[in-house]
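**Q** the following comprises the amino acid sequence and a computationally predicted model.
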Amino acid sequence: MTREGDELVFDISLNAESFIAGIDLTETNDTDNTPQAADYDEVRALEPAALEAAFADFWPQMAQQIQIIADGEALTPDLISFDAGEVGNVDLVRTSTVSFKTELPEGVEKVSVGWAREFGTLVLRQQGVDAPYDGYLEAGSMSDEIDLGGGDQAGAWQTFVNYIPVGFDHIVPKGLDHILFVLGLFFLSTHLRPLIWQVSLFTVAHTITLALAALGYTNFMDEFFISTFGIEFIAVVEPLIALSIVYVAVENIFMRNLSPWRPVIVFLFGLLHGLGFASVLSEFGLPDNAFVPALIGFNIGVEIGQLAVIAVMFLAVWQAIRVDRGENEVFQAKALYGVLMLVTLALLWLDPTALSEALENPSYVFLAPMLAIFALCFASISFRDHLAAFRRTVAIPASVFIALVGAYWFLERTVL
């Protein structure tokens with residue numbers, strides 16, 4: 001965002017095809033899994049001139065969904081130009097650039113900016129002033145009032161704090177593959193020590209590659225894969241992340257405790273997951289003035305997200321584990337899981353819009369697996385007299401499910 005005289009000019013880099021196709025970017029991590037997938041594929045194959053014409057037709061609709069507020073007055077944006085970008089490999093995202101402007105009312109010195117929720121997150125960076133505003137806006141949210149003369153730049157501490165929720169959000173609810181990997185680590189054993197070992201190694205590993213990638217030390221790999229194979233490096237990393245989910249889940253089925261090789265494997269998989277986190281960071285970048293605080297804040301947010309996943313699952317299965325160890329009242333535990341199943345079923349039936357919006361996915365993506373976990377825990381209590389009832393009734397079935405989802409994602413990211 002740049003002020004030029006009595007005009008405010010915006011230059012936005014975006015995946016224009018998804019906008020034109022009408023894909024809600026808050027509800028999908030994969031455009032192939034949307035009702036508009038065919039329209040999206042058709043639009044992304046358009047030559048630059050044809051895409052520019054399609055965007056010109058779409059612009060009036062988009063303009064109505066861009067909010068620029070000055071002193072309580074909504075300003076109307078006018079399209080300046082649209083650079084479609086070359087078609088290239090249609091399997092890769094094409095980045096286009098949109099430029100638009102709006103007239104500033106006389107005397108206005110502050111504005112607030114945002115856009116429609118379905119357009120996804122918006123990274124807004126002010127240009128041409130001292131101490132410029134730099135903000136990461138969640139889907140549908142508005143920026144604070146921005147002084148057009150500058151001075152709204154966040155300090156190191158504020159940037160650190162601002163990027164913690166960004167990192168958390170990219171685990172819960174957006175990082176479904178990372179959530180399943182962490183759960184794969186969780187279901188190996190009911191003892192705390194193996195979990196601490198695995199999570200610690202995973203954390204160290206993905207912190208290393210996330211930092212290296214954010215600092216630009218892994219760019220050569222992307223250049224190599226694009227020039228040699230015509231694909232981005234992340235197109236290789238994502239299937240490998242899916243395979244990492246399959247591996248830890250399958251090993252859970254055959255191993256009761258931490259194997260000698262599993263720590264090494266988890267560390268190597270952590271390096272891959274760090275590159276996955278880095279691909280998220282590359283979509284919006286980090287502020288130049290506070291790069292390190294933003295990077296640390298993002299990584300801490302990721303860690304809090306992982307711990308939240310473990311904490312929720314631990315609370316979900318804790319009573320079943322206690323019964324398996326002979327430490328809890330059976331009737332009380334059964335009653336608890338019965339209530340939890342009824343509540344989860346009610347939420348699935350009602351499917352509240354607010355819950356789906358908060359989860360940024362259809363609510364059943366999270367509620368259906370939790371319902372299954374509660375049901376398995378209830379069954380584990382019922383078969384408490386059997387040897388290793390929790391492992392046989394909860395941990396192994398959960399691991400099988402995790403492995404199947406990981407295998408599907410691998411196929412989806414390679415051949416489907």
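**A** That came through, no problem. Numbering: from 1, shown residues only.
**Q** check the nearest residue to Gly406 once chain neighbours are set aside and give its pLDDT.
**A** Among residues not flanking Gly406 along the chain, Ile245 sits closest, at 3.2 Å (Cβ to Cβ, 6 or more residues apart in numbering). Just so you know, the C-beta spots here come from the backbone N, C-alpha and C atoms, and that holds for glycine as well. pLDDT for Ile245: 97.
**Q** and the gap between Ile245 and Val199?
**A** According to Cβ to Cβ, to the nearest Å, Ile245 and Val199 sit 15 Å apart.
**Q** which helix in the chain runs the most residues?
**A** Longest helix in the chain, counting residues (DSSP state H): helix 291-324.
**Q** check which helices and strands that one sits against.
**A** When contacts are defined as 3 or more Cβ pairs under 8 Å, 6 or more residues apart in numbering; DSSP states H and E, helix 291-324 sits against helix 156-169, helix 176-186, helix 192-214, helix 262-284, helix 330-350, helix 364-382, helix 389-390.
**Q** and that helix, which residues are buried?
**A** Across helix 291-324, burial judged by 16 or more other Cβ atoms under 10 Å covers 293-306, 309-310, 313, 316-317, 319-324.
**Q** and Ile80, which helix or strand is it part of?
**A** strand 78-83 (DSSP states H and E).
**Q** any idea of the mean pLDDT in that strand?
**A** 96.
**Q** buried residues, that strand. List them.
**A** In strand 78-83, counting by 16+ other Cβ under 10 Å, buried: Phe82, Asp83.
**Q** just the C-alphas of that strand, formatted as PDB.
**A** Extracted C-alpha coordinates of strand 78-83, given in PDB (Å, rounded to 0.1, in the frame of the first residue of the first chain):
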ATOM      1  CA  ASP A  78     -10.600   1.200  -9.200                       C
ATOM      2  CA  LEU A  79      -8.600  -1.300 -11.200                       C
ATOM      3  CA  ILE A  80      -5.300   0.100 -12.600                       C
ATOM      4  CA  SER A  81      -3.800  -3.000 -14.100                       C
ATOM      5  CA  PHE A  82      -3.600  -6.800 -14.000                       C
ATOM      6  CA  ASP A  83      -0.400  -8.800 -14.900                       C
END
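**Q** other residues contacting it?
**A** Contact with strand 78-83 is made by 9, 16, 52, 55-56, 59, 63, 96-102, as judged by Cβ atoms under 8 Å, 6 or more residues apart in numbering.
**Q** go with 6 Å
**A** Residues outside strand 78-83 that contact it (Cβ atoms under 6 Å, 6 or more residues apart in numbering): Glu52, Phe55, Trp59, Thr97, Val98, Ser99, Phe100, Lys101.
**Q** so the first one: helix, strand or coil?
**A** On the three-state scheme (DSSP: H, G, I helix; E, B strand; the rest coil), Glu52 is labelled helix.
**Q** list the contacts of it.
**A** Contacts for Glu52 (Cβ under 6 Å, 6+ apart) come out as Phe82, Ala84.
**Q** roughly how far does it sit from Val123?
**A** In terms of Cβ to Cβ, Glu52 sits 24 Å off from Val123.
**Q** could you do the last one as well?
**A** Here the criterion is Cβ to Cβ. By it, Lys101 lies 19 Å from Val123.
**Q** so between Ile245 and Val199, which is more surrounded?
**A** Ile245 (28 against 19; other Cβ atoms under 10 Å).
**Q** which of the three states applies to the more buried one?
**A** Secondary structure for Ile245, judged by three-state DSSP, is helix.
**Q** OK, contacts around it?
**A** Going by Cβ under 6 Å, 6+ apart, Ile245 touches Leu180, Phe181, Gly184, Gly406.
**Q** A helix includes Ile69, no?
**A** No - going by three-state DSSP, the assignment for Ile69 is strand, not a helix.
**Q** hmm, it is touching Lys110, no?
**A** No - applying Cβ atoms under 6 Å, one finds Ile69 not in contact with Lys110, separated by 9.4 Å.
**Q** where in this protein is pLDDT low?
**A** Along the chain, segments meeting pLDDT under 70 span 29-30, 32, 88-92.
**Q** same thing but at 80, please
**A** Within the chain, the stretches with pLDDT under 80 are 26-34, 86-93, 230, 280, 282-285, 288, 356-358, 360-361, 416.
**Q** how near is Val317 to Phe383?
**A** From Val317 over to Phe383 (counting by Cβ to Cβ), the distance is 15 Å.
**Q** mind listing what Phe181 touches?
**A** Ile245.
**Q** that one and Gly276, how far apart?
**A** Distance from Phe181 to Gly276, counting by Cβ to Cβ: 10 Å.
**Q** next: Gly114.
**A** Here Gly114 is placed at a distance of 28 Å from Gly276 (Cβ to Cβ).
**Q** who's more crowded, these two?
**A** Ranked by neighbour count (other Cβ under 10 Å), Gly114 and Gly276 place Gly276 first, with 23 against 20.
**Q** so where do the strands sit in the stretch 1-150 of the chain?
**A** 2-4, 7-14, 66-70, 73-74, 78-83, 96-103, 110-115, 122-125, 134-137, 146-147 (DSSP state E, counting those that start in this stretch).
**Q** so Asn361: helix, strand or coil?
**A** Strictly by three-state DSSP, Asn361 counts as coil.
**Q** give me phi/psi at it?
**A** Dihedral pair for Asn361: phi -150, psi 160, per degrees, to the nearest 10.
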